[in-house]
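**Student:** quick one: sequence and predicted model below, then my questions.
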Amino acid sequence: MLKTTTSDPSASQGKTLVAQVADALRSQISDGRYNPGDRLPSEAQLTQEFGVSRTVVREAIAALRSDGLVEPRQGAGVFLLEQATPARRPFQNVDLARVSSLIEMLELRTAVEGDAAAFAALRCSPGQEGKIIEAFDSFRSCAAAGNPTAEADFAFHVAIAEATNNPRFREFLDMLGPALIPRRAIVDGGKEAVLPTEELSRLIDEHEAILVAIQNGDEDAARAAMRDHLKKSQTRYRAMLRTAH
């Protein structure tokens, strides 16, 4: 049986054995088990460690070689290479304390997520619709209880992205990370600021309009509702940050 270093039991679902072994080796490298110049265990040792065939091990090593992580040397084995400084990932230099960065991200989201909502209206399965409803109910419950709503808000947008049945929309949201929900940057005593009741009420109405349009399978209405929500968010954050500063 394959042994992985991940603590997430669902992380390997849908992956081939080759991908699982390659990911496990990448994790070992990241964790410092091997240093640049070190020789990796032999095929036989890796076969025993992961409980897979030699073919799987060879293909996993080939994947690491393609990534520039290792170099096979004839008669000597496979060695870990010195890694160049990784390129800065997109969207990781977003300064959430600056109004300009917040507005930039919201403008980008308006362009992308408007179409995501439209695709979700056309392609959403019953199960995916259920997840959007669940996320909306969670958001509304958090708001009613006076609790922070950013996590529930994030889940709502992710559920819509997944309902497009185009994985690139979910990848886009994951790449944005914390920048997706800008109010996480507006803190009070180290915690996410809770929005005023009237603002939360408007947010609930905007989210519900998106949900209803998707449930109705109305592509144009879903796009318009999402774009309206994100454009109004731009106005809200401008006002909130002026007050906060």
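**Tutor:** Right, received. Where do you want to start?
**Student:** so residue 80 makes contact with residue 38?
**Tutor:** Yes. Residue 80 lies in contact with residue 38 (CB atoms under 8 Å); the separation is 5.1 Å. C-betas here are computed from N, CA, C, even on glycine.
**Student:** and the two? which has more neighbours close in?
**Tutor:** Ranked by neighbour count (other CB atoms under 10 Å), residue 80 and residue 38 place residue 80 first, with 20 against 13.
**Student:** so what's that one up against?
**Tutor:** Contact analysis of residue 80 by CB atoms under 8 Å, 6 or more residues apart in numbering lists 29, 34-40, 69-70.
**Student:** buried among those residues? Need that as a selection in ChimeraX.
**Tutor:** Per 16 or more other CB atoms under 10 Å, the buried members of the contacts of residue 80 correspond to this ChimeraX selection:
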select :29,34,40,69,70
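**Student:** what is the nearest of the contacts of residue 80 to residue 223?
**Tutor:** Nearest to residue 223 among the contacts of residue 80, counting by CB to CB, is residue 69 at 41.9 Å.
**Student:** distance of the closest one relative to residue 222?
**Tutor:** To residue 222, residue 69 is 42 Å away according to CB to CB, to the nearest Å.
**Student:** try residue 163
**Tutor:** In terms of CB to CB, residue 163 sits 10 Å off from residue 222.
**Student:** and the helix or strand hosting residue 157, what does it pack against?
**Tutor:** Residue 157 belongs to helix 150-163 when assigned by DSSP states H and E. Using 3 or more CB pairs under 8 Å, 6 or more residues apart in numbering; DSSP states H and E, the elements in contact with helix 150-163 are helix 99-123, helix 126-145, helix 167-176, helix 197-215.
**Student:** who touches that helix?
**Tutor:** By CB under 8 Å, 6+ apart, helix 150-163 touches 113, 116-117, 119-120, 123-125, 128-129, 131-132, 134-136, 138-139, 141-142, 169-170, 172-173, 180-181, 183-184, 192, 203, 207, 210, 214, 226.
**Student:** got the confidence number for residue 144?
**Tutor:** For residue 144, the pLDDT comes out at 89.
**Student:** oh sorry, the question was meant for residue 33
**Tutor:** Checking the pLDDT column for residue 33, the value is 92.
**Student:** so it, which state does it fall into?
**Tutor:** Look at residue 33: counting by DSSP: H, G, I helix; E, B strand; the rest coil, its state is coil.
**Student:** so what does it have for phi and psi?
**Tutor:** phi -60, psi -30 (degrees, to the nearest 10).
**Student:** what's the local residue count around it?
**Tutor:** Residue 33, neighbours per other CB under 10 Å, totals 13.
**Student:** then residue 25?
**Tutor:** Neighbour count for residue 25, taken as other CB under 10 Å: 28.
**Student:** gap between it and residue 40?
**Tutor:** For residue 25 relative to residue 40 (CB to CB), the value is 8 Å.
**Student:** who touches both of the two?
**Tutor:** residue 61.
**Student:** contact partners for the residue nearest to residue 160 when sequence neighbours are not counted?
**Tutor:** Leaving aside its sequence neighbours, residue 160 sits nearest to residue 120 (CB to CB, 6 or more residues apart in numbering; 4.9 Å). By CB under 8 Å, 6+ apart, the contact list for residue 120 reads 128, 132, 160-161, 163-164, 214, 222.
**Student:** just the helices and strands packed on helix 150-163: most buried one?
**Tutor:** helix 99-123 (a mean of 19; mean count of other CB atoms under 10 Å).
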